[in-house]
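Asker: quick one: sequence and predicted model below, then my questions.
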Amino acid sequence: MPLPPTSALPLHGMGILVTRPARQADGLCRLIGELGGRPWRFPVLEILPTSDPAPALTLIDRLETYDLAIFISANAVYWGLELIRGRRSLDVPPRRVAIGQATARALAEQGAPAHVLPPHFTSEELLALPEMQTVAGLRIIIFRGEGGRDLLKDTLLHRGAQVEYAEVYRRVRPAAQPTALLRDWRQGGIHAVIVTSNESLENLYTLIGTAGRHRLLDTNLIVLSPRTQRLARELGFRRLPRLAEAASDEAIVQALLRMASDSIQTTCGDPL
């Protein structure tokens, strides 16, 4: 069967700003390109190993004493398993918990599939699972980056679990230069922006500078959570961000397709 002409593809002619870290953007950019879009890579987060691995290694050395090992993200899987493999086998007792399909996929690719997986990709969804209701007396280790929300740990502590963080990576704002991006934006080359966290949106807002901020605030935005929708309204976005149903590349692209087919734009002034 012959391929459809480029002009018939649903994202034809659309420039899509992809702000994911460089190592995590390939799949999303490929899907956008296959649908006729033009992905514009502009990473607003750089993922680096933790500045001090010693505290995490201390926990990893007694990994067999934990009942559950929760991985917050695919980055937590990558950097966490790097540290674990440097000390011991992955064949240890803790049941592995993944927040989201991307994290579960990363675990499976590393030969350590998740035992527990929430239907979506947030801490709130994980905490709502039956398995996470009766955790009194359990020892839980959470693999995550430096800093971040404490909702998961605080809730599990409240439910009677013993919880410790293994912080295995850090997020930094890169020293990106937006000159070429802003030139393309001025020429009408950017039609939508994808951000995957509040920190990413804050970094983009800073990196784009005052010269491009008005264009950013008037551009369609795809986000992954109501929290980021609220932040966008606080920053002054004039259109209500589209919410992807999951953190996967496929779900983000579905949100783009809905945006492209919907000629009615909702402003950020409407209720979230």
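Answerer: All right, it came through fine.

Asker: now do the contacts for Glu167.
Answerer: 50, 55-56, 144-146 (Cβ atoms under 8 Å, 6 or more residues apart in numbering). Where C-beta positions appear, they are placed from N, C-alpha and C, glycine not excepted.

Asker: which element, helix or strand, includes it?
Answerer: Glu167 belongs to strand 162-172 when elements are defined using DSSP states H and E.

Asker: and the next helix or strand after that strand, what's buried?
Answerer: Proceeding N to C from strand 162-172, the next assigned helix or strand is helix 179-186, under DSSP H and E. When burial is assessed from 16 or more other Cβ atoms under 10 Å, helix 179-186 yields the following buried residues: 181-182, 185.

Asker: again with stretch 124-137
Answerer: By neighbour count on 16+ other Cβ under 10 Å, the buried set for stretch 124-137 is 126-127, 132, 135.

Asker: what mean pLDDT does stretch 16-33 have?
Answerer: The average pLDDT within stretch 16-33 is 93.

Asker: how long is that stretch end to end?
Answerer: 10 Å (Cα to Cα, to the nearest Å).

Asker: quick check on Gln177: phi, psi?
Answerer: Geometry field for Gln177 lists phi and psi as phi -110, psi 120, criterion degrees, to the nearest 10.

Asker: before we move on, what about the one 10 residues further on?
Answerer: The phi/psi pair for Gln187 (degrees, to the nearest 10) reads phi -90, psi 10.

Asker: which residue ranges of the stretch 51-200 of the chain form helices?
Answerer: Listed from the start of the chain, the stretch 51-200 of the chain has helices (DSSP state H, counting those that start in this stretch) covering 54-60, 74-85, 101-109, 123-127, 151-158, 179-186, 198-217.

Asker: mean pLDDT and distance to Phe237 added to those, as CSV?
Answerer: Written out in CSV, the entries for the helices of the stretch 51-200 of the chain read as follows (pLDDT from 0 to 100; distance: least, Cβ to Cβ, whole Å):
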stretch, mean pLDDT, distance to Phe237
helix 54-60, 96, 37
helix 74-85, 92, 26
helix 101-109, 87, 25
helix 123-127, 82, 23
helix 151-158, 92, 25
helix 179-186, 94, 15
helix 198-217, 94, 5
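
Asker: winner for burial among those?
Answerer: helix 74-85 (a mean of 22; mean count of other Cβ atoms under 10 Å).

Asker: could I get the average pLDDT for stretch 162-169?
Answerer: If you average the per-residue pLDDT over stretch 162-169, you get 96.

Asker: buried ones in it?
Answerer: Taking 16+ other Cβ under 10 Å as the basis for neighbour counts, the residues of stretch 162-169 that come out buried are 162-163, 165-169.

Asker: about what we covered before: relative to Ala260, which of the helices of the stretch 51-200 of the chain is closest?
Answerer: When the helices of the stretch 51-200 of the chain are compared for distance to Ala260 using Cβ to Cβ, the nearest one is helix 179-186, at 18.2 Å.

Asker: now for that closest one, which elements pack on it?
Answerer: Counting contacts by 3 or more Cβ pairs under 8 Å, 6 or more residues apart in numbering; DSSP states H and E, helix 179-186 packs against helix 198-217.

Asker: and the helix it packs on with helix 179-186, angle?
Answerer: Interaxial angle, helix 198-217 versus helix 179-186 (axes from the mean of the first three to the mean of the last three Cα atoms, to 10 degrees): 50 degrees.

Asker: neighbouring contacts of helix 198-217?
Answerer: For helix 198-217, the surrounding residues in contact (Cβ under 8 Å, 6+ apart) are 19-20, 42, 44-45, 171, 173-174, 176, 178, 181-182, 185-186, 190, 193, 195, 223, 227-228, 231-232, 235-238.
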